[in-house]
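Enquirer: Got a sequence here, can you build the structure:
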Amino acid sequence: MKTGDNMREHPQRLELRERIIDTALNSFATHGIKSITMDDIAAALGISKRTLYEVFSDKETLLMECLLKAQREGDAYVKDVYEKASNVLEVLLKLYQRSIEKFHNTNKKFFEDIKKYPKVYAELMKRRNRDSEETIAFFKLGIQQGYFRDDVNFTIVNLLVREQLDLLMNTDLCKDHSFLEVYESIMFTYLWGISTEKGARKLEEFIREYRKDRQSNTE
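Expert: I've put the predicted structure just below:
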């Protein structure tokens, strides 16, 4: 009897775990990590704090699972885009579009607060370094396809862009300009600078359609 009960409870436990992660991830992204307590998450789910702690022992453990889920979703998106895209630039543009949308929907405090959780921040940096290596490999393939210039040191350029994004997270620049506007300026200027004429035409088409879609979504 107990075995049967456990088998029935197991899917429910997994379902609750996923609901907790989804709720926490949305709350952290919307309001920042520091301002959201375990009490807030339990209340949002309509469960007791004790039940929440039975699934996740502390806030950093929960935050780590949120990060890992976001990474898995990102990996799945990359795989899908790569299988459907006809060239490297198309892949990168779709990935940048997704990152723009993600940044737009994420409170700046999230990026400030995550540094206060050493294990999670270390995982974030580890993943960012891996992503940088894959991005550079994309650029090299883009050179072969004629979209990117062959006289650019992509390792240096990629590091510069990372520093610019870090600066964006840690300055008051967004008091005068929207976070989205600044992020777009960094990424589009970056891509313009490394593109060939062929790549620049493709990039121009993308930016025109992207801004048209964004404008229609705000009307």
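
Enquirer: Which of the helices or strands spans the spatially closest residue to L25 that is not a sequence neighbour?
Expert: Nearest residue to L25, sequence neighbours excluded (CB to CB, 6 or more residues apart in numbering): C66, at 4.2 Å. C-beta here means a position set from N, CA and C on the backbone, and glycine is covered the same way. Assigned by DSSP states H and E, C66 belongs to helix 59-84.

Enquirer: Could you check how far that helix is from the centre of its chain?
Expert: 8 Å (CA atoms, centre = their mean, to the nearest Å).

Enquirer: next SSE after the lengthiest helix in the chain?
Expert: Secondary structure of the chain per DSSP state H: the longest helix is helix 2-31. Using DSSP H and E, the helix or strand that follows helix 2-31 in sequence is helix 38-45.

Enquirer: That next one - contacts with which helices or strands?
Expert: helix 2-31, helix 49-55, helix 59-84 (3 or more CB pairs under 8 Å, 6 or more residues apart in numbering; DSSP states H and E).

Enquirer: ok, of the ones you listed, where does mean pLDDT dip lowest?
Expert: Lowest mean pLDDT within the helices and strands packed on helix 38-45: helix 2-31, a mean of 80.

Enquirer: ok so, going back, check which helices and strands the longest helix of the chain is in contact with.
Expert: helix 38-45, helix 49-55, helix 59-84, helix 108-113.

Enquirer: Just checking the distance from it to the centre of its chain.
Expert: For helix 2-31, the distance to the chain centre is 22 Å (CA atoms, centre = their mean).

Enquirer: quick revisit: between the helix holding C66 and helix 2-31, how big is the angle?
Expert: 80 degrees (axes from the mean of the first three to the mean of the last three CA atoms, to 10 degrees).

Enquirer: Could you identify the helix or strand that succeeds helix 59-84?
Expert: Following helix 59-84 in sequence, per DSSP H and E, is helix 88-104.

Enquirer: Provide the contact partners of that following helix at residue level.
Expert: Contact with helix 88-104 is made by 74, 77-78, 81-82, 85, 135, 138-139, 141-142, 145, 147-148, 179-180, 183-184, 187, 191, 195, 199, 202-203, 206, 210, as judged by CB atoms under 8 Å, 6 or more residues apart in numbering.

Enquirer: repeat for stretch 55-67
Expert: 13, 16-17, 20-21, 24-25, 28, 33, 37-38, 41, 114, 117, 119-120, 123-124.

Enquirer: low pLDDT regions in this structure?
Expert: Of all residues in the chain, those with pLDDT under 70 make up the ranges 1-9, 168-175, 217-219.

Enquirer: and with 50 instead?
Expert: Low-confidence segments of the chain, defined by pLDDT under 50: 1-8.

Enquirer: quick one: the helix or strand containing E181 to helix 88-104, angle?
Expert: For E181, the host element (DSSP H and E) is helix 179-194. Counting by the same axes, to 10 degrees, helix 179-194 points 160 degrees away from the direction of helix 88-104.

Enquirer: Could you list every helix and strand that helix 179-194 packs against?
Expert: Secondary elements touching helix 179-194 (3+ CB pairs under 8 Å, 6+ apart): helix 88-104, helix 154-169, helix 197-218.

Enquirer: which other helices and strands contact the shortest one?
Expert: Packed against helix 154-169, as judged by 3+ CB pairs under 8 Å, 6+ apart, are the following elements: helix 108-113, helix 118-144, helix 179-194.
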